[in-house]
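A.B. asks: coordinates only, sequence not included:
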């Protein structure tokens, strides 16, 4: 599925729900989707891009994977676990079908068609989204505001949830008037916990349990799908095809009757 197809799905939701000028927020691959939607819809007023991908210098699977691992080192353990299991849920189909389209999508070209006021947020340690890359996006955007969250990495909206949320609200309220390449300012998250750390013991157990149930369901569904594909080949007339070296039941029966008569 291409980024354009994902954008089609988002536009359908907007139209079906009759949303008027919604605020579009995307993270990582999701930034490509919301950029595509905003480029098609000049009536969109506000856009938030969190860890936008992908820098042209890393548009290959090995380079992107290496940068992701470098960024993951700086994520809290709970966020790393969340990311790893999320990618596991995607399965090989996603890596084989969607990832190449994500790597190839020219987001730096599409942002030039975005008329919305756009906030770009990156984490300080996000190797996938270097400072030079967000500055390049700021040059291409008609209206771009840049912010960098101190201590953050690629999943900055999880590990520094309060800071990112406050930036998004301030952007939509018009309280971030600066713009352009020079607007890259560093902000700190003064909260003491990530969004996952705020959960109590019961809620944490439910989160872990539900994720393992999802993984088990995906594996079980994959086995069922594989068994469903194991169908017997059929003849052109619609009947089941027999083994090439084995006679049919009717022929075996005739042979048996003839053998009995000869005796």
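C.D. replies: Done, it's in. Computed from a predicted structure; not experimentally measured.

A.B. asks: tell me the contacts of residue 162?
C.D. replies: Shown in contact with residue 162 (Cβ atoms under 8 Å, 6 or more residues apart in numbering): 189, 190, 191. For glycine as for every other residue, the C-beta is placed from the backbone atoms N, C-alpha and C.

A.B. asks: Which of these ranks first by neighbour count?
C.D. replies: In terms of neighbours by other Cβ atoms under 10 Å, those top out with residue 189 at 20 neighbours.

A.B. asks: wait, it sits on residue 163?
C.D. replies: Yes: Residue 189 is within contact range of residue 163, at 3.6 Å (criterion: Cβ atoms under 8 Å).

A.B. asks: Name the residues contacting each of these two.
C.D. replies: Taking Cβ under 8 Å, 6+ apart as the contact rule, residue 189 and residue 163 both touch 149, 152.

A.B. asks: List the buried residues of stretch 4-21.
C.D. replies: Residues 6, 7, 10, 14 are the ones in stretch 4-21 that count as buried (16 or more other Cβ atoms under 10 Å).

A.B. asks: The stretch 1-150 of the chain: helices as residue ranges?
C.D. replies: Here the stretch 1-150 of the chain has its helices, by DSSP state H, counting those that start in this stretch, at 3-16, 29-40, 61-72, 77-97, 99-104, 107-110, 131-140.

A.B. asks: Need the residues that contact the fifth one.
C.D. replies: The set of residues that contact helix 99-104 without belonging to it, under Cβ under 8 Å, 6+ apart, is 1, 2, 3, 29, 32, 53, 54, 59, 60, 61, 64.

A.B. asks: switch the cut-off to 6 Å
C.D. replies: Defining contact as Cβ atoms under 6 Å, 6 or more residues apart in numbering, one finds that helix 99-104 is touched by 2, 29, 54, 59.

A.B. asks: so where is this protein shaky, pLDDT-wise?
C.D. replies: By pLDDT under 70, the weakly predicted segments of the chain are 91, 192-200, 203-205, 207-209, 211-212, 214-263.

A.B. asks: In space, not sequence, find me the middle residue of it.
C.D. replies: residue 29 (5.2 Å; Cα atoms, centre = their mean).

A.B. asks: where's the closest residue to that residue other than its chain neighbours relative to residue 129, distance?
C.D. replies: Leaving aside its chain neighbours, residue 29 sits nearest to residue 102 (5.0 Å; criterion: Cβ to Cβ, 6 or more residues apart in numbering). As defined by Cβ to Cβ, to the nearest Å, residue 102 lies at a distance of 14 Å from residue 129.

A.B. asks: Neighbour count: those two, which is higher?
C.D. replies: Per other Cβ under 10 Å, whichever of residue 102 and residue 129 has more neighbours is residue 129, with 29 against 20.

A.B. asks: Surely the more buried one is in contact with residue 51?
C.D. replies: Yes: contact status for residue 129 versus residue 51: in contact at 5.0 Å, counting by Cβ atoms under 6 Å.

A.B. asks: measure residue 45 to residue 176 for me?
C.D. replies: Per Cβ to Cβ, residue 45 is found 14 Å from residue 176.

A.B. asks: Who has more neighbours out of the two?
C.D. replies: Ranked by neighbour count (other Cβ under 10 Å), residue 45 and residue 176 place residue 176 first, with 18 against 14.

A.B. asks: tell me the secondary structure for the more buried one?
C.D. replies: Following DSSP: H, G, I helix; E, B strand; the rest coil, the label given to residue 176 is coil.
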